[in-house]
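Trainee: Whatever this is, show me its structure:
(one chain, ligands or ions: 2)
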Amino acid sequence: MFLRRFLAHDPHRRALCDPKGVWHTYGDLRRRGEHTARWLAQLGVQRGDIVAIHLENGLDLVDAHLGCMAIGAVRLPLNAHYREAELAPILDDAAPALVLTTSPGRFPAASHTADLSKLTTSELMHPGEEPARGVWPEDEVTALMYTSGTTGRPKGVPQTWAMWETNLDALAALWGLSSPASPEPDCLWLALPLFHTHGLVLGLHGTLLRGARAMLQARFEPVVPPPEVTHIYGVPTWYRRWLPLMHTDPAPFRRLKLLVSGSDGLDAATSDGVFAATGHRILERYGMTETMMICSNPGVGERRAGTVGPPVAGVAVRLVDGEIEVSGPSVFAGYRGAAPRASEWFATGDAGEWDYAGYLRIVGRKKELVIVGGVNVSPAEVEAIFVGVPGTAEIGACGVADADLGEVVALAVVLAAGEDEGAVRGAIAGRAQALSGLKRPRRVLFLPALPRNALGKLQRGALRALIESLPP
Ligand code: MCA
Ligand code: AMP
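Mentor: Ligands and ions are numbered 1, 2, ... in the order given. The predicted structure is shown next:
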């Protein structure tokens, strides 16, 4: 139904403002999608093929998604910031039929790459002869999203149309979002990167499903949102960076309808600061690539700061020894290449507790994950890059608190006997270039020993406490 609903929107209705400031209607997007689909077909792509999309936020990225949607290809969004070493395990696992990218040099020579920007706008706007059929089975996979597993190896999460649609409809009802018939559709300020679930599913597809509008930005900057904007979906770091501006120029923020935060825990100081400056209580929600949105505060009704709200309609949530488990139609069936989950319940690795009103509070993480500016980083993946740096005896990575990004990665190093700290620091800085920016250690500390348990396993919690007790 998803695609059919998208195709049914009034073709004259405004849909997307691209980062260059040009508006495109639903009719424009439909034509662009149909043309891109024909181009993909000429390149040999067939329904069900995996097409990797390695592009930064822009109209070409949207075209790529629309084309895949029309042809029934599975989109594999790749993080545009990733370096070759980070892309390699994903490409190995997914083996995409085609990679859409403007930087083919980043991919192994054997990869089939194509540059969508080579298609001219006039070609793209050529009226379609074969409109998209608009019906794909709801249990068909539409996107394959990779998430940094706790083992350090990214895992593929197949997301179906049904996972998207059930969850997006539930959120639209809960948040009071505009419907396709609304004379004044919502307008989302969309600066989230479109290769994560947050930006791609909630932001872009949540807009297209409802016939709403989005103003796509190349990246986040703490600027005044344009007057058309009514909604913002962001991560806590955005609101922290916006606070000074919200205090000096609150009017453009006061007239917004809804400010949403997710991907990471929102601290009370930021939530209260935004409320004091703008009169808006940020709506906090909690989700995961594997599950879509699990819990959310309501659009209308009490928003409880410090909680992520009650379960979203259609989602069942339970706590088992403090760990959040979830089931329902928006929860995935299992990781790519692994057997389908035996239990209907999926264990999130997050720790929670219910408050007296039935709102969930996230109180910690059972999984070894660092969240930097809303982006998940596996400390094991970071460590693997630095293991074996000459002059080191031991390496340990963990998250430490950061006033801007929430957490950043810290690297603890035990020097081998007689080795020089300066030389090792240089070698570490060199190896760090193999990681995208948010994963790179922001603090490198030299310690006499790393905290380990009786079995020799690194105790990341203890390492974090130790590092946070040291002067910055
Ligand atoms: C930037 N960098 C990244 C990413 N973004 N590396 C990996 N992944 C990324 N997403 C790198 C850049 O290449 C650069 O590296 C360095 O980090 C700093 O980049 P810059 O853009 O200057 O960073 P910033 O301005 O400090 O950006 C921080 C930010 C931004 C504003 C917090 O990252 C952001 O908008 N984050 C939102 C993340 C998000 O959408 N998360 C959703 C995932 P170099 O130094 O080499 O140039 S969680 C999810 O989807 C679930 C379902 C959920 O619940 O939402
Ligand atoms: P991802 O794997 O990128 O989908 O990220 C999902 C993870 O982000 C969750 O398992 C949580 O650890 C974290 N997360 C998402 N939303 C929130 C939130 N509102 N508060 C705290 N953590 C969150």
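
Trainee: alpha carbons only for contacts and neighbour counts from here, please
Mentor: Will do.

Trainee: Check the residue of the stretch 101-250 of the chain found nearest ligand 2 and give its pLDDT.
Mentor: Going by C-alpha to the nearest ligand atom, ligand 2 is nearest to T147 of the stretch 101-250 of the chain, at 5.4 Å. Looking at T147, its pLDDT stands at 93.

Trainee: Just say helix, strand or coil for it.
Mentor: At T147 the chain is in strand, as set by DSSP: H, G, I helix; E, B strand; the rest coil.

Trainee: ok, now L194?
Mentor: Following three-state DSSP, we place L194 in the coil state.

Trainee: Could you do the one 4 residues further on as well?
Mentor: For H198, the secondary structure call by three-state DSSP comes out as helix.

Trainee: Check what pLDDT it gets.
Mentor: Here, the pLDDT recorded for H198 equals 98.

Trainee: OK, contacts around it?
Mentor: 192, 263 (C-alpha atoms under 8 Å, 6 or more residues apart in numbering).

Trainee: The helix or strand where V413 lies: which residues count as buried?
Mentor: In this assignment (DSSP states H and E), V413 forms part of strand 406-415. Neighbour counts over strand 406-415 (16 or more other C-alpha atoms under 10 Å) mark 406-415 as buried.

Trainee: which residues touch that strand?
Mentor: By C-alpha under 8 Å, 6+ apart, strand 406-415 touches 236-237, 264, 370-373, 379, 383, 391-402, 421, 438-450.

Trainee: give me phi/psi at R318?
Mentor: Backbone torsions of R318, given as degrees, to the nearest 10, read phi -140, psi 160.

Trainee: Would you mind confirming that it is in contact with V326?
Mentor: Yes. Under the criterion of C-alpha atoms under 8 Å, R318 makes contact with V326 at 6.5 Å.

Trainee: out of the two, which sits in the busier spot?
Mentor: A count of neighbours by other C-alpha atoms under 10 Å puts V326 above the other of R318 and V326, at 20 against 17.

Trainee: what residues does the stretch 251-400 of the chain put near ligand 2?
Mentor: For the stretch 251-400 of the chain, the residues in contact with ligand 2 (C-alpha under 6 Å from any ligand atom) are 262-265, 284-289, 308, 348, 350, 362, 376.

Trainee: For the protein, which residues are neighbours of ligand 1?
Mentor: Neighbours of ligand 1 within the chain, by C-alpha under 6 Å from any ligand atom: 81, 192-193, 196-199, 220, 235, 237-238, 262-263, 286-289, 373-375, 436-438.

Trainee: Narrow those residues to those in strands?
Mentor: Among these, DSSP state E puts 286-288, 375 in strands.

Trainee: Let me have those residues in TSV, adding pLDDT as columns.
Mentor: Listed next are those as TSV, based on pLDDT from 0 to 100:
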residue	pLDDT
Y286	98
G287	98
M288	97
V375	96
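
Trainee: And the buried ones among those residues, selectable in ChimeraX?
Mentor: In ChimeraX syntax, the buried subset of those is picked out as below (16+ other C-alpha under 10 Å):
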select :286,287,375
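
Trainee: what about T207, neighbour count?
Mentor: Number of residues near T207 (other C-alpha under 10 Å) recorded here: 27.

Trainee: do the one 3 residues further on as well
Mentor: Here the neighbour count serves as a burial measure; for R210 (other C-alpha under 10 Å) it reads 23.

Trainee: which ones are touching it?
Mentor: 6, 178-180.

Trainee: doesn't T147 make contact with R336?
Mentor: No. The pair R336 / T147 is not scored as a contact, 11.3 Å apart, by C-alpha under 8 Å.

Trainee: which residues are common contacts for the two?
Mentor: Taking C-alpha under 8 Å, 6+ apart as the criterion, R336 and T147 both touch 155-157.

Trainee: from those, which ones fall inside strands?
Mentor: In strands, judged by DSSP E, the following of the shared contacts of R336 and T147 are found: 155-157.

Trainee: neighbour-wise, which of those residues leads?
Mentor: The residue in those with the most neighbours, by other C-alpha under 10 Å, is G156 (24 neighbours).

Trainee: Need the pLDDT of that one.
Mentor: 97.

Trainee: Confirm for me that it is in contact with Y146.
Mentor: Yes. With contact defined as C-alpha under 8 Å, G156 reaches Y146; the gap is 4.4 Å.

Trainee: mind listing the strands in the stretch 51-200 of the chain by residue range?
Mentor: 74-77, 98-101, 113-114, 141-148, 154-160, 187-190 (DSSP state E, counting those that start in this stretch).

Trainee: Dump these into JSON lines; add distance to A85 as well.
Mentor: Shown next, in JSON lines, are the strands of the stretch 51-200 of the chain (distance: least, C-alpha to C-alpha, whole Å):
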{"stretch": "strand 74-77", "distance to A85": "16"}
{"stretch": "strand 98-101", "distance to A85": "16"}
{"stretch": "strand 113-114", "distance to A85": "18"}
{"stretch": "strand 141-148", "distance to A85": "13"}
{"stretch": "strand 154-160", "distance to A85": "12"}
{"stretch": "strand 187-190", "distance to A85": "29"}
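
Trainee: in the protein, which residue is closest to the centre?
Mentor: With distances taken as C-alpha atoms, centre = their mean, H196 lies nearest the centre of the chain, 2.6 Å away.

Trainee: any idea how far V444 lies from A432?
Mentor: 11 Å (C-alpha to C-alpha, to the nearest Å).

Trainee: ok so, going back, nearest to I53, of the ones in strands among the shared contacts of R336 and T147?
Mentor: Lowest distance from I53 to those (C-alpha to C-alpha) belongs to G156, with 14.6 Å.

Trainee: quick one: the closest one and P472, what's the gap?
Mentor: Taking C-alpha to C-alpha, one finds G156 at 37 Å from P472.

Trainee: ok, now P11?
Mentor: P11 is 56 Å from P472, by C-alpha to C-alpha.

Trainee: which one of the two has more residues nearby?
Mentor: More neighbours surround P11 than the other of P11 and P472, with 17 against 7 (other C-alpha under 10 Å).

Trainee: Identify the residue nearest the more buried one in space, chain neighbours excluded?
Mentor: Excluding its sequence neighbours, the residue lying closest to P11 (C-alpha to C-alpha, 6 or more residues apart in numbering) is G27, at 3.9 Å.
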